[in-house]
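>>> could you look at this predicted model? Sequence included:
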Amino acid sequence: MKRQEMVRHGAEQLFTAERSIKTAMCDTAALISSLSKMSNEGLSVMIGQEAFEEAAATFMALTTARGAIVRTHSALDGVKVQLGCGAMAMGGTDAKPGQTGGSALLQPLRAA
């Protein structure tokens, strides 16, 4: 396998893993929301508390996984350069956001 093919294949696998984590986060957040809504339907807050806590713990674990895959992404950028493929662009055409203290710089949303 040529180096460019290796980089392209690795990038595809990385993007698949990133999407999977984001999807799992959305699905887990929906579960937590559903559990909260069911609790508002007249059930005691004590019913299902353990399930709620476990779902929240799952979301926190996925948050940790998201941070790890972001760091993996950065590390693979370095590998790409080591393989002599630093000029290869994968994914979207948007520039990557800058980093400050481990969190991406976000632009505030504006209402139209």
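Cool, the structure landed.
>>> biggest helix in the chain, by residue count?
Determined from DSSP state H, the single longest helix within the chain is helix 3-39.
>>> gap between that helix and the chain center?
Centroid displacement of helix 3-39 relative to its chain, using Cα atoms, centre = their mean, to the nearest Å, is 6 Å.
>>> buried residues in that helix?
Val7, Ala11, Leu14, Glu18, Ile21, Ala24, Met25, Thr28, Leu31, Ile32, Leu35, Ser39 (16 or more other Cβ atoms under 10 Å). Backbone N, C-alpha and C define where each C-beta goes, glycine included.
>>> again, but for stretch 39-48
For stretch 39-48, burial by neighbour count (16+ other Cβ under 10 Å) applies to Ser39.
>>> by contact count, what packs against the longest helix of the chain?
Other elements packing on helix 3-39 under the criterion 3 or more Cβ pairs under 8 Å, 6 or more residues apart in numbering; DSSP states H and E are helix 49-82.
>>> which stretch of helix or strand covers the residue sitting furthest away from the middle of the chain?
Computed with Cα atoms, centre = their mean, the maximum C-alpha offset from the centroid of the chain is found at Gly42, amounting to 34.4 Å. Applying DSSP states H and E as the criterion places Gly42 outside every helix and strand.
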